[in-house]
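Q: Structure for the following, please:
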Amino acid sequence: MSSSPSSNALQNIAARRAFLHAATLVDAASQCPHCFGIKSPNYATCHGCGFLDVAPWGRAAAWYGTIVVKGSALYWDFNNYKRFGPATLGESWQRVTSLLSLATWTHAEAIATHLGGEPTIVCPVPSSRGMTVEAQPLTVAIQHCALMKHHFVPALRAHPTLRRDKGLFQPEYFVPARDVRGERIVLVEDLTASGRTAYSAWYALRSAGAQVAMLSIARLMSPDFRNADDVLARLPRPAWFDHIPPE
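A: Model (predicted):
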């Protein structure tokens, strides 16, 4: 494992330094302790995570690379990278791929500790838009991540006939593509909002006998939620922020 962040990854995200935030809890009343998104002070978790208290194994362990504010320039990178992929060397694709590398570098030790060893499989959350796992832009990003690419396996696929309802926790939509019993899997998502799709995929793998950790490149935060501005103002920078070269 590299002892410092990739210089290429840091250079790629230098133009977005103003939009980078560590995914951390800075306000117990206004932030969800699970996903770090904004919640009502009257509830223990945010609305999205409240749908996920259904697993017999407890909550999924999840790590995030950065907080992304809806409407920011970094938010539009996540929207654009699926349209401007590596074939055109789109800047948005490079930034998202670099953030995946930095998130992996930051959380590799914690994920291995949770899984009980180094991951044996890295798999993206399958697309709900009819795209195969192999064709997903997120898969291509994983294959460009030095800490992940040798463990990539398309271990999960979308159900061939079910329709995905993103408003629901729907683990039956995802089907293991191979025997995953005993495997240590990192399930990768790009941008997590409510988490229902990602955790539906996690539940499907966990039900099939795998140990699973979630790594999301970013957690989406809406600035429209009450207290969001205060929380955002107090969020620290990611651990690798000081390594970013000047623009």
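Q: Now do the contacts for Arg206.
A: Ala55, Trp57, Ala60, Val212 (CB atoms under 8 Å, 6 or more residues apart in numbering). Just so you know, the C-beta spots here come from the backbone N, C-alpha and C atoms, and that holds for glycine as well.
Q: Buried ones among those residues?
A: Using 16 or more other CB atoms under 10 Å as the burial test, these include Ala60, Val212 as buried.
Q: Who are the packing partners of the worst-scoring helix or strand of the chain on mean pLDDT?
A: The weakest-scoring helix or strand in the chain, judged by mean pLDDT, DSSP states H and E, is helix 47-50 (a mean of 83). Using 3 or more CB pairs under 8 Å, 6 or more residues apart in numbering; DSSP states H and E as the contact definition, helix 47-50 packs against no other helix or strand.
Q: Tell me the strands beside the very next helix or strand once past it, with direction?
A: As assigned by DSSP states H and E, the chain's next helix or strand after helix 47-50 is strand 62-69. Strand 62-69 sits in its sheet next to strand 211-221 (parallel), going by DSSP bridges.
Q: hey, where'd the strands end up in this protein?
A: Assigned by DSSP state E, the strands in the chain fall at 62-69, 121-124, 156-158, 174-176, 184-192, 211-221.
Q: any chance of these in CSV, plus distance to Glu109?
A: Shown next, in CSV, are the strands of the chain (distance: least, CB to CB, whole Å):
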stretch, distance to Glu109
strand 62-69, 11
strand 121-124, 16
strand 156-158, 25
strand 174-176, 27
strand 184-192, 13
strand 211-221, 12
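Q: tally of neighbours for the closest residue to Pro33 other than its chain neighbours?
A: With CB to CB, 6 or more residues apart in numbering as the criterion, Pro33 has its nearest non-adjacent residue at 5.9 Å, and that residue is Leu25. Neighbours of Leu25 under the rule other CB atoms under 10 Å: 13.
Q: Could you pull up phi and psi at Leu25?
A: phi -90, psi 120 (degrees, to the nearest 10).
Q: tell me the contacts of it?
A: Contacts of Leu25 by CB under 8 Å, 6+ apart are Gln31, Pro33, Phe36.
Q: what's the closest non-adjacent residue to the first one?
A: Nearest non-adjacent residue to Gln31, counting by CB to CB, 6+ apart: Leu25, 5.4 Å away.
Q: biggest helix in the protein, by residue count?
A: helix 91-115 (DSSP state H).
Q: gap between that one and the chain center?
A: 9 Å (CA atoms, centre = their mean, to the nearest Å).
Q: ok, now stretch 125-143?
A: Worked out by CA atoms, centre = their mean, stretch 125-143 lies 13 Å from the chain centre.
Q: what distance separates the start and the end of stretch 222-242?
A: 26 Å (CA to CA, to the nearest Å).
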